[in-house]
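Asker: Any chance you could fold what I've pasted below:
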Amino acid sequence: MELNERSRRPLISSYTAGKILLFSLAVFISACLQSSFFSALAVFSALPDLVLLCVIGIAVYDGERSGAVAGIFGGVVLEAFGAGGDIMMLPLFYMLCGFFFGIAAHLLFNKNFIFHQY
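Answerer: I've put the predicted structure just below:
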């Protein structure tokens, strides 16, 4: 049996693998910072949520699917660090935020929203 050109193609490209690595590293570092350093930094008893900001940024930059996957990953990492409650609601919450912010960014912003002309 001879291999054709399609069967020798890699499953994901190096660009996609680098993007996945960069997004997961950003979410993991923000979860580490949120659960260790910023948990002691309370302003009027309010704690900053760095993972949510990271998930929203990924959703706006790369779309609703990447935002949802980053949200699930961020929620699971935060639950593993013990930052969430007992019933594992953080992955669901972050997934929904990433998904809906990705859709809202796609509908509201142009791809080049810095130089948007009215």
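Asker: And what about Ile87, helix, strand or coil?
Answerer: Here Ile87 is recorded as coil under DSSP: H, G, I helix; E, B strand; the rest coil.
Asker: How many residues are close by it?
Answerer: Residues lying near Ile87 (other Cβ atoms under 10 Å) number 8. All C-beta atoms are positioned from the backbone trio N, CA, C, and that covers glycine.
Asker: quick one: it and Leu52, what's the gap?
Answerer: 18 Å (Cβ to Cβ, to the nearest Å).
Asker: Look up the closest residue to Pro48, ignoring the ones flanking it.
Answerer: Phe38 (5.2 Å; Cβ to Cβ, 6 or more residues apart in numbering).
Asker: Counting neighbours, what do you get for that neighbour?
Answerer: 15.
Asker: same deal with Val43?
Answerer: Val43 has 7 neighbours, counted by other Cβ under 10 Å.
Asker: Could I get the contacting residues of it?
Answerer: With contact set as Cβ atoms under 8 Å, 6 or more residues apart in numbering, Val43 has no partners.
Asker: Okay, and the beta partners of it?
Answerer: Assessed by DSSP bridges, Val43 has beta-bridge partners Ala46.
Asker: quick one on the thing from earlier: how much space between the residue nearest to Pro48 and Leu22?
Answerer: Per Cβ to Cβ, Phe38 is found 21 Å from Leu22.
Asker: cool, and Ala46?
Answerer: Note on Ala46: its distance to Leu22, by Cβ to Cβ, is 29 Å.
Asker: Which one's more surrounded, those two?
Answerer: Using other Cβ under 10 Å as the criterion, Ala46 and Leu22 rank with Leu22 on top: 11 against 7.
Asker: Mind listing what's buried along the strand or helix carrying that one?
Answerer: Using DSSP states H and E, Leu22 maps to helix 14-36. Going by neighbour count (16 or more other Cβ atoms under 10 Å), the buried part of helix 14-36 is 19, 23-24, 26-27, 30-32, 34-35.
Asker: How about stretch 62-78?
Answerer: The neighbour-count check on stretch 62-78 (16+ other Cβ under 10 Å) flags 62-64, 66-78 as buried.
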